[in-house]
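> Task: produce atomic coordinates for the following.
(chains A, B, C and D)
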2 protein chains.
Amino acid sequence: MPTLTLGSLELAALLAVARLGNDAYGLAVRRDLTERTGRDYSIGAVYTTLQRLEDKGVLKSRTGEPQPFRGGRSRRHYAITGAGARALRDAERNTAALWAGFGSVRPEPA
Amino acid sequence: MPTLTLGSLELAALLAVARLGNDAYGLAVRRDLTERTGRDYSIGAVYTTLQRLEDKGVLKSRTGEPQPFRGGRSRRHYAITGAGARALRDAERNTAALWAGFGSVRPEPA
DNA sequence: GGCATAAGTTCTATTATGTAGAACAAATCG
DNA sequence: CGATTTGTTCTACATAATAGAACTTATGCC
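Numbering: from 1, shown residues only, chains lettered A, B, ... in the order given. Coordinates of the predicted model:
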């Protein structure tokens, strides 16, 4: 297998879906991402990322029912797959290894 | 300022330079990266990344003296700049925020 | 009914990062 | 001086990040 890699936004989006659980759909993921990273991602950035995650098999999606309020059209709900859960565990382990034993950073004096 | 962002390999390479200190040069960074990530990066990938980090101002480099052993030509030594140290602190904080309160991942039953 | 408006998603493009490997350079050894 | 070793640069392409317009489907209201 050609080693699954996740970009940093992909990982953040995957985590957002994991956290949101049943409420994981495009706009909600975007809000979560904005809050958690402090950055403002365009809606297009979010959806293309979710699409890639689905292509990679770490997410799956289904179309929900329309919502009973103004503009409440049906949402595309995302959920983590088994491969996705594994990818998250791997990412967690890799991240820990990357930062392990790293105290503070001292820049060279100019 | 157009918000400095670092890709995942860029961050890993920056951390490698930080760790290696005075021994931070291309091949050593590559070795460190290989050990720490378990992945085998091509030498071209490493140097391109270091170059980009320098362009972004988080690393600076100087040419060292030739080494007194076979094939020991002069090395290009890299060091973290003040902006680099800040970037690392930011990355650390962002990473922590991203994973905060994240226990285990439960995939949806198929 | 039909238009304004709101929530959502899809499409189209472009730039930034990741990645490989050949080519090139400079040292020592025999 | 040719083989070998360490090290760096160059060239090219693949993948991921990112934006925003366009499109779709609801409800609210006159």
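> Pick out the residue nearest the middle of chain A.
By CA atoms, centre = their mean, the mean C-alpha position of chain A lies nearest to residue A:13, the distance being 1.3 Å.
> and residue A:67, what pLDDT?
Residue A:67 carries a pLDDT score of 89 in this model.
> And residue A:106, by the same measure?
Model confidence at residue A:106, given as pLDDT, is 52.
> avg pLDDT for the longest helix belonging to chain A?
Longest helix in chain A, counting residues (DSSP state H): helix A:82-99. When pLDDT is averaged along helix A:82-99, the result is 95.
> which residues touch stretch A:5-24?
Here stretch A:5-24 makes contact (CB atoms under 8 Å, 6 or more residues apart in numbering or on different chains) with A:28-29, A:32-33, A:36-37, A:41, A:45-46, A:49-50, A:52-53, A:56, A:58-59, A:77-80, A:84, A:87-88, A:91, B:7-8, B:98-99, B:102, B:105. Every residue, glycine included, has its C-beta placed from N, CA and C.
> Residue A:56: how many residues sit nearby?
When counting by other CB atoms under 10 Å in any protein chain shown, one arrives at 17 neighbours for residue A:56.
> Residue A:73 is in contact with residue A:64, correct?
No. Residue A:64 is not in contact with residue A:73 according to CB atoms under 8 Å; the separation is 9.7 Å.
> The two - which one has more neighbours?
For residue A:64 versus residue A:73, neighbours defined as other CB under 10 Å are more numerous around residue A:64 (13 against 8).
> In contact with the more buried one, which residues?
Residue A:64 touches A:25, A:74-77, counting by CB under 8 Å, 6+ apart.
> how far away is it from DNA strand C?
Taking CB to the nearest atom of the strand, to the nearest Å as the measure, residue A:64 falls 8 Å from DNA strand C.
> quick one: pLDDT of that residue?
pLDDT for residue A:64: 93.
> Which residue, other than its chain neighbours, is closest to it?
Spatial nearest neighbour of residue A:64, chain neighbours left out: residue A:75 (4.7 Å); criterion: CB to CB, 6 or more residues apart in numbering or on different chains.
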